[in-house]
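Engineer: build the 3D model from these lines:
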Amino acid sequence: MKIVAFQGSPRAGGNTDILLKEALKPAFEAAHEITLFDLNSMNITPCQDCGECETSGMCVIEDDMLQVYKAIRDADRIILASPIFFFGVSAQAKAMIDRCQSFWCEKYLLKKPLPEGPFGRKGLLILVGGMKKEVGIQCAGATAKAFFRTVSVPVHESLGFMDVDAKGAILQHPTARADALEAGRRLISV
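Structural biologist: Residues are numbered from 1 along each chain as shown. All right, here's what the predicted structure looks like:
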């Protein structure tokens with residue numbers, strides 16, 4: 001099974017990173033093939049809305065998204081982990097998601113959705129935010145849902161943790177790491 005994980009936080013070793021590593025433990029233990037993208041360290045140009053992908057389903061910008069496109073095409077499972085900034089996913093995660101417009105064109109305009117593969121396609125969303133209101137998780141979750149459906153992931157589980165802001169504060173949460181670990185187990189079940 002091939003798992004692709006996107007770490008969307010600019011803060012290495014922070015709350016999002018901690019939970020993503022917990023969620024990946026079952027996949028590592030099962031010796032699945034894992035590709036982890038640290039979006040903050042990648043060269044991803046924002047979508048230029050040039051329209052080139054509308055006829056080919058391919059983006060014409062040549063940067064680190066070329067690796068992402070291949071990984072998404074080959075993936076059986078996709079994990080998106082992001083902090084919540086201003087009720088949305090991080091800029092790093094959003095730039096990657098926006099560049100998946102080419103998959104949207106391929107799926108909806110050209111009628112060529114990504115194939116399911118031998119294990120089907122499932123996803124996991126991990127969100128961590130400092131706010132106390134659910135609206136941040138709801139808004140970021142809507143963006144993530146559009147991403148997952150665009151890359152032909154028909155079902156995904158969501159984990160959202162609010163009122164967690166300082167680096168490492170998630171370690172004080174009573175269930176967060178266990179929740180992420182269990183979600184990772186469910187993700188790789190067939």
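Engineer: CA atoms for contacts and neighbours, from now on please.
Structural biologist: Fine.
Engineer: dump the residue contacts of the residue nearest the centre of the chain.
Structural biologist: By CA atoms, centre = their mean, the mean C-alpha position of the chain lies nearest to residue 80, the distance being 1.9 Å. Counting by CA atoms under 8 Å, 6 or more residues apart in numbering, residue 80 makes contact with 5-8, 123-126, 144.
Engineer: repeat for residue 37
Structural biologist: Shown in contact with residue 37 (CA under 8 Å, 6+ apart): 4-7, 68.
Engineer: host element of the residue of the chain most remote from its centre?
Structural biologist: What lies farthest from the middle of the chain is residue 55; by CA atoms, centre = their mean that is 25.8 Å. In the assignment (DSSP states H and E), residue 55 maps to helix 53-56.
Engineer: so which elements touch that helix?
Structural biologist: For helix 53-56, the elements it packs on are helix 101-104, judged by 3 or more CA pairs under 8 Å, 6 or more residues apart in numbering; DSSP states H and E.
Engineer: what is the neighbour count of residue 159?
Structural biologist: Neighbours of residue 159 under the rule other CA atoms under 10 Å: 17.
Engineer: secondary structure element holding it?
Structural biologist: Assigned by DSSP H and E, residue 159 belongs to strand 155-161.
Engineer: and that strand, what does it pack onto?
Structural biologist: Using 3+ CA pairs under 8 Å, 6+ apart, the elements in contact with strand 155-161 are strand 122-128, helix 135-150, helix 176-188.
Engineer: distance from the longest one to the middle of the chain?
Structural biologist: What it means is helix 135-150. Distance, stretch centre to chain centre, for helix 135-150: 10 Å (CA atoms, centre = their mean, to the nearest Å).
Engineer: next up, phi/psi of the closest residue to residue 93 other than its chain neighbours, please.
Structural biologist: Closest residue to residue 93 apart from its sequence neighbours, by CA to CA, 6 or more residues apart in numbering: residue 8 at 4.9 Å. Torsion angles at residue 8 (phi, psi; degrees, to the nearest 10) stand at phi -90, psi 10.
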